[in-house]
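*Asks:* missing the sequence, but the structure's below:
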């Protein structure tokens, strides 16, 4: 067990399926994690390991091992990013197998939540509990392509560029924007061995994958019955990137899911209420 | 500060608006409540103070004062039960004024959630935070009268009669029914100075009030903007008495609300997961 924080954890590499996967695996506790099931994080659209909020990662690393990774083609991982969620899930399974992991909890955020769902269906043996944040089911509401709000937000210019996330993750309210600036500060704090930003091929490939996942289908939510694992679904009250109603749909169609929606929250409500979120998820993982 | 438990708290009386209100007010802590804002409970259809789950009441009474009461015409309170939620809220305000309370947190369950909403709008000065459990907004989905499921469940015979609540509050699943039997045991445990059951005038009057609350209206959810208080909305995933979607509607229309839905839960999910519920509400009240 390596004792590091989000800022100090070294980037390591594992080879599988012809990909060199970059990852960071650590706990904060001096004498090892109390809980032996690691928590694996599935990242959102175009994000790298450095886009996770240190307040969350270090919060969870207090009593368990956390594993961040870049999937194929992302940032410091080799390969090309595939154009389907299914292939992303396969790459993730190859990565966890390369680490020799037999049991894990999975947390997927936004597009990472799509991958985490597919990963859980593909590898039910591996996943003990699932946390789905700011995400939705296949063919969810407003998910056939980027929402109009997402198109406007991702299409605009920001200076500095990472202020994009103030609009993607937070509502326009004063309180939410203030929380957003704190998130940005936390997220920028790691200076050494930061992940390079994803290259220009990543966004179009991921958009293609997202559109396939969101495409209309017959009886689209039936597949959720294949996820019997206890699941916690979390979102903000006003997610304009993956509409909040999709979290309700997930909860209503998953066999064993709890839903938590936070007030005055957009797509990244877990970064707006990091302590409460860590508390809720920890309760869920212990329960 | 009186130190009692749900089972031992004496029934006291307060006179106001021509009504003699029966109530119980206590904390469990030997040296008084840590938190000085009492938590006032608004009861469901036909229920008395003894229908509350001791696991909840004693759980909350660990660090705060709890106040249970019978509204006008209910059980050991005098008067006649009114046929509108508005009048119930007025009676509740008269009762709390009689106790000299200046600040409280309110928890309303089912019909009690309707009354708690109206009470909060009428007396914004009094209510610090609001908890709405298994309830819905005015003119909510399936709320113009009892739902078909509720009609069937309330129309059937049970032996013993209180097994009614196994079907009202719990799902048909084995786990939920087992939790329901534990709730019934806890709820039956108080033997001395139990509240008499409500008389035969209560149900028709309350049904009339519920139907007025649920009647269709133009822009029905606009009134929720009058509740700026931090609100926690809680329900089971499959409430057949007040459909679960109404909890989502409440959360989406209240200015500052958090939503929690529990898996495999019907109308009384808080009695199925009493420890988790007390933990979630306590977090919310402290936060």
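*Replies:* Nice, thanks for sending it over. Since the structure is predicted, the reported quantities are computational estimates derived from the model, not experimental observations. Residues are numbered from 1 along each chain as shown, chains lettered A, B, ... in the order given.
*Asks:* mind checking what secondary structure the residue in the stretch 101-250 of chain A that chain B sits nearest to has?
*Replies:* Here the residue of the stretch 101-250 of chain A nearest chain B is residue A:248; by C-beta to the nearest C-beta that distance is 5.1 Å. Where C-beta positions appear, they are placed from N, C-alpha and C, glycine not excepted. Here residue A:248 is helix, with the state taken from DSSP: H, G, I helix; E, B strand; the rest coil.
*Asks:* which residues pair with the residue sitting nearest the centre point of chain A across the strands?
*Replies:* For chain A, residue A:109 is the residue whose C-alpha lies nearest the centre (C-alpha atoms, centre = their mean; 2.7 Å). As for beta bridges, residue A:109 partners with residue A:133 under DSSP bridges.
*Asks:* sorry, back to before: grab the nearest non-local neighbour of the residue of the stretch 101-250 of chain A closest to chain B.
*Replies:* residue B:248 (5.1 Å; C-beta to C-beta, 6 or more residues apart in numbering or on different chains).
*Asks:* now do the contacts for the one you found.
*Replies:* Contact partners of residue B:248, counting by C-beta atoms under 8 Å, 6 or more residues apart in numbering or on different chains, are A:245, A:248, B:259.
*Asks:* adjacent strands (with direction) for the helix or strand containing the last one?
*Replies:* Element membership for residue B:259, per DSSP states H and E: strand B:257-262. When sheet partners are counted by DSSP bridges, strand B:257-262 sits next to strand A:257-262 (antiparallel), strand B:231-236 (parallel).
*Asks:* show me the contact partners of the helix or strand following the first one.
*Replies:* To tie it back to what came earlier, the one meant is strand A:257-262. Per DSSP H and E, the first helix or strand lying C-terminal to strand A:257-262 is helix A:269-272. Residues from elsewhere that reach helix A:269-272 (C-beta under 8 Å, 6+ apart): A:53, A:55-56, A:109, A:133-134, A:169-170, A:176, A:179-180, A:183, A:234-237, A:239, A:261-262, A:264-265, A:277.
*Asks:* for helix A:269-272, which positions count as buried?
*Replies:* By neighbour count on 16 or more other C-beta atoms under 10 Å in any protein chain shown, the buried set for helix A:269-272 is A:269-272.
*Asks:* coming back round to it: which among the contacts of residue B:248 gets closest to residue B:5?
*Replies:* Closest approach to residue B:5 among the contacts of residue B:248 (C-beta to C-beta): residue B:259, at 30.7 Å.
*Asks:* touching, the closest one and residue A:260? I think so.
*Replies:* Yes: using C-beta atoms under 8 Å, residue B:259 is in contact with residue A:260, at 6.9 Å.
*Asks:* quick one: which of those two has more around it?
*Replies:* Remark: of residue B:259 and residue A:260, residue B:259 carries more neighbours, 27 against 24, as counted by other C-beta atoms under 10 Å in any protein chain shown.
*Asks:* and that one, what is it in contact with?
*Replies:* Contacts of residue B:259 (C-beta under 8 Å, 6+ apart): A:237, A:259-261, B:233-234, B:247-248, B:250-251.
*Asks:* so for it, what's the pLDDT?
*Replies:* On the pLDDT scale, residue B:259 is placed at 98.
*Asks:* who's it bridged to?
*Replies:* residue A:261, residue B:233.
*Asks:* mind listing the helices for the stretch 151-287 of chain A?
*Replies:* Taking DSSP state H, counting those that start in this stretch, the helices of the stretch 151-287 of chain A run over residues A:164-169, A:174-188, A:202-214, A:245-253, A:269-272, A:274-286.
*Asks:* please identify the deepest-packed of these.
*Replies:* Of those, the one with the most neighbours on average (mean count of other C-beta atoms under 10 Å in any protein chain shown) is helix A:269-272, at a mean of 29.
*Asks:* what's the angle between the least confident helix or strand in chain A by mean pLDDT and helix A:274-286?
*Replies:* Least confident helix or strand, chain A: strand A:35-42 with a mean of 91, by mean pLDDT, DSSP states H and E. Taking axes from the mean of the first three to the mean of the last three C-alpha atoms, to 10 degrees, strand A:35-42 and helix A:274-286 form an angle of 120 degrees between their directions.
*Asks:* partners of strand A:35-42 in the sheet?
*Replies:* The pairing partners recorded for strand A:35-42 under DSSP bridges are strand A:64-69 (parallel), strand A:104-109 (parallel).
*Asks:* and for that strand, what's in contact with it?
*Replies:* Strand A:35-42 has contacts (C-beta under 8 Å, 6+ apart) with A:25, A:52, A:57, A:60, A:63-69, A:92, A:96, A:101, A:103-109, A:112-113, A:115-116, A:119, A:128, A:285-286.
*Asks:* looking at the strands paired with strand B:257-262, which is closest to residue A:9?
*Replies:* Closest among those, using C-beta to C-beta: strand A:257-262, at 27.5 Å.
*Asks:* give me the distance from that closest one to the chain's centre.
*Replies:* For strand A:257-262, the separation from the chain centroid amounts to 16 Å (computed by C-alpha atoms, centre = their mean, to the nearest Å).
*Asks:* now that strand against helix B:245-253, angle please.
*Replies:* Inter-element angle recorded for strand A:257-262 and helix B:245-253: 20 degrees (by the same axes, to 10 degrees).
*Asks:* give me every residue that touches the closest residue to residue A:42 other than its chain neighbours.
*Replies:* Excluding its sequence neighbours, the residue lying closest to residue A:42 (C-beta to C-beta, 6+ apart) is residue A:112, at 3.2 Å. Residues in contact with residue A:112 (C-beta under 8 Å, 6+ apart) are A:41-44, A:47, A:135.
*Asks:* no further queries at this time; thank you.
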